[in-house]
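K.L.:
Here is the input, now give the coordinates:
(2 chains)
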Amino acid sequence: AQSVAQPEDQVNVAEGNPLTVKCTYSVSGNPYLFWYVQYPNRGLQFLLKYITGDNLVKGSYGFEAEFNKSQTSFHLKKPSALVSDSALYFCAVRDGGNNRLAFGKGNQVVVIP
Amino acid sequence: GAGVSQSPRYKVAKRGQDVALRCDPISGHVSLFWYQQALGQGPEFLTYFQNEAQLDKSGLPSDRFFAERPEGSVSTLKIQRTQQEDSAVYLCASSAMGTPGGEKLFFGSGTQLSVL
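P.N.:
The predicted structure is shown next:
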């Protein structure tokens, strides 16, 4: 069974500083990895995904993520955080052999002006 | 429609009541998922449809939970004899392809169920 760990409950960062949200995963087959963002009272929105190819994936709103197979990690990054990036971020993994997407518990990101 | 639509947005039920939650996926989307999100937690998989076929219902927590998608578009999640532990946000998501694989999911805003 696939699973995701997001070790930090909350990430605080000053506006303009780099933002990193950590994620590690466990799958039995090839991983399909995703990041979603959730704003208050809204559904989850897709940010980016890794399927195959280049380990550095670029997504929406200036976010990027790096796939590291040896460390089974897929950390989300943004070079310069904005106050509007404050939200709940979820990492998710799908084992290539099945259809369900397994989510982590989420990280609350707070960007301080 | 432009996105995934769920109704009602909020539902309050007395313990023991039956509830029905509706999901309108993006038109033409083949795959449809239901997730349960408890407070402070990530979404947990409940069930998956490919068109009208329910291909995976392994996440349904008990036989009180039932989902259907009879015509391959709108889906309904039904919970019978609700209990307090059923209180959560129920999310519906759809994707274009029949084999989700690397496909992204489009989520609705969810139905927040409170069982008193």
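
K.L.:
right, is stretch A:35-50 up against chain B?
P.N.:
Yes - on the criterion Cβ under 8 Å from any Cβ of the partner chain, stretch A:35-50 is in touch with chain B at A:36, A:41-46, A:49. No exception for glycine: its C-beta is placed from N, CA and C like everyone else's.

K.L.:
Pick out the most distant pair among these.
P.N.:
A:41 and A:49 (24.6 Å; Cβ to Cβ).

K.L.:
Apply the buried test to the residues of stretch A:35-50 next to chain B and list what passes.
P.N.:
For the residues of stretch A:35-50 next to chain B, a burial check counting by 16 or more other Cβ atoms under 10 Å in any protein chain shown picks out A:36, A:43-46, A:49.

K.L.:
so which of the residues you listed would you say is closest to residue B:30?
P.N.:
Using Cβ to Cβ, these come closest to residue B:30 at residue A:46, 17.3 Å.

K.L.:
Now the helix or strand harbouring that closest one: average pLDDT?
P.N.:
Residue A:46 is part of strand A:44-50 when elements are defined by DSSP states H and E. Strand A:44-50 carries an average pLDDT of 94.

K.L.:
and chain B, which of its residues are near chain A?
P.N.:
B:3-4, B:31, B:33, B:35, B:40-45, B:48, B:55-56, B:59, B:91, B:93, B:99-102, B:104-110.

K.L.:
sorry, back to before: would you list the strands that the helix or strand just after the strand holding residue A:46 pairs with, along with their directions?
P.N.:
Counting by DSSP H and E, the next helix or strand C-terminal to strand A:44-50 is strand A:56-58. Strand A:56-58 pairs in its sheet with strand A:64-68 (antiparallel), by DSSP bridges.

K.L.:
Would you mark the buried spots in the strand it pairs with?
P.N.:
A:64-67.

K.L.:
Out of the residues you listed, flag the one nearest to residue A:83.
P.N.:
The closest of the buried residues of strand A:64-68, once distances to residue A:83 are taken by Cβ to Cβ, is residue A:64, at 19.5 Å.

K.L.:
Give me the pLDDT for that closest one.
P.N.:
At residue A:64, pLDDT is 97.

K.L.:
Quick check: it touching residue A:48?
P.N.:
Yes - counting by Cβ atoms under 8 Å, residue A:64 does reach residue A:48; the two are 7.2 Å apart.

K.L.:
and the gap between residue A:49 and residue A:64?
P.N.:
Relative to residue A:64, residue A:49 is positioned 12 Å away (Cβ to Cβ, to the nearest Å).

K.L.:
One more: residue A:100?
P.N.:
For residue A:100, the distance to residue A:64 - Cβ to Cβ - is 26 Å.

K.L.:
ok so, going back, give me the subset of the residues of chain B next to chain A that lies in strands.
P.N.:
B:31, B:33, B:35, B:44-45, B:48, B:55-56, B:91, B:93, B:106-107 (DSSP state E).

K.L.:
Please convert the buried members of those into ChimeraX selection syntax.
P.N.:
Buried residues among those (16+ other Cβ under 10 Å), as a ChimeraX selection:
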select /B:31,33,35,44,45,48,56,91,93,106,107
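
K.L.:
what's the closest non-adjacent residue to residue A:78?
P.N.:
For residue A:78, ignoring the flanking residues on the chain, the nearest one in space by Cβ to Cβ, 6 or more residues apart in numbering or on different chains is residue A:19 at 4.4 Å.
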